[in-house]
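Engineer: could you work out the structure for the sequence below:
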Amino acid sequence: MKRIVLSALALVAISSSAVAAPHTVGGSSALALASIVAQSSPSVTFAHKTLLAKYLNGWATAAHTPGLVISFTASAVKCRSSNVDISAHSCELTFGSVNKTLSGRSAHELYATLVENGVPGDGAAGSIYEAVDNLHCTITADAVADRAGGGAQCSFDVP
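Structural biologist: You can find the predicted model right below:
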């Protein structure tokens, strides 16, 4: 009996640690996620937001300073879509003490990009949620310009 209980406890501990591990994504999905979230980040400069928007629009060779690395963190990204009011889309982004709200098309774009990056959904009372904590993205401009599949990486925790 003791072996069964100990085995069950070990399985729970292993499962819990696996769930808590950060997720890491790369490639085009990470570039899309970084480009969209960066538009709301107070720590990303206007010039870098413009460059990331160009990347998202397919301009991988947009002019940039050689060696440029764009990096930022969002404390939380929480999106909601309704399956009752099918026109309702909203996202709350938290950057430290700064909160930003997206709605409509831009919120749906972020929601869909979270799904594309493998964030598991959750639902309750007519709403479907996608959320991440501790989102950290790094874009290496030279690698994006190489068009070889690299240059974008994001990591996050799923609450």
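Engineer: check which helix or strand covers the residue sitting nearest the centre point of the chain.
Structural biologist: Centroid-nearest residue in the chain, with Cα atoms, centre = their mean: L33, separated by 5.0 Å. For L33, the host element (DSSP states H and E) is helix 27-38.
Engineer: now this protein, which segments are flagged as low pLDDT?
Structural biologist: 1-21 (pLDDT under 70).
Engineer: for it, what spans make up the strands?
Structural biologist: For the chain, strands defined by DSSP state E occupy the ranges 23-26, 69-82, 89-95, 98-103, 122-124, 127-140, 152-157.
Engineer: those strands: which one's closest to E116?
Structural biologist: strand 23-26 (9.0 Å; Cβ to Cβ). Yep, even glycine has a C-beta here, placed from its N, CA and C like the rest.
Engineer: what's around the closest residue to N134 other than its chain neighbours, how many residues?
Structural biologist: Excluding the flanking residues, the one nearest N134 by Cβ to Cβ, 6 or more residues apart in numbering is D157, at 4.8 Å. Using other Cβ atoms under 10 Å, D157 is surrounded by 16 other residues.
Engineer: do S106 as well
Structural biologist: 15.
Engineer: can you check the one 4 residues further on too?
Structural biologist: The criterion is other Cβ under 10 Å. On that basis, L110 has 24 neighbouring residues.
Engineer: so what's it up against?
Structural biologist: Neighbour list for L110: I36, V37, V77, C79, C91, L102 [criterion: Cβ atoms under 8 Å, 6 or more residues apart in numbering].
Engineer: and of those residues, the nearest to S71?
Structural biologist: Among the contacts of L110, and counting by Cβ to Cβ, the member closest to S71 is V37, at 12.1 Å.
Engineer: ok, and the closest non-adjacent residue to that closest one?
Structural biologist: Using Cβ to Cβ, 6+ apart, the closest residue to V37 is A74 (5.7 Å).
Engineer: show me what that neighbour is bridged to.
Structural biologist: Under DSSP bridges, the beta-bridge partners of A74 are L135.
Engineer: tell me the contacts of it?
Structural biologist: V37, S41, L93, T94, F95, L135.
Engineer: need the residues you listed in a markdown table (columns: neighbour count and distance to Y129).
Structural biologist: Shown next, in a markdown table, are these (neighbours: other Cβ atoms under 10 Å; distance: Cβ to Cβ, whole Å):
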| residue | neighbour count | distance to Y129 |
| --- | --- | --- |
| V37 | 27 | 17 |
| S41 | 22 | 21 |
| L93 | 23 | 14 |
| T94 | 16 | 15 |
| F95 | 20 | 20 |
| L135 | 26 | 15 |
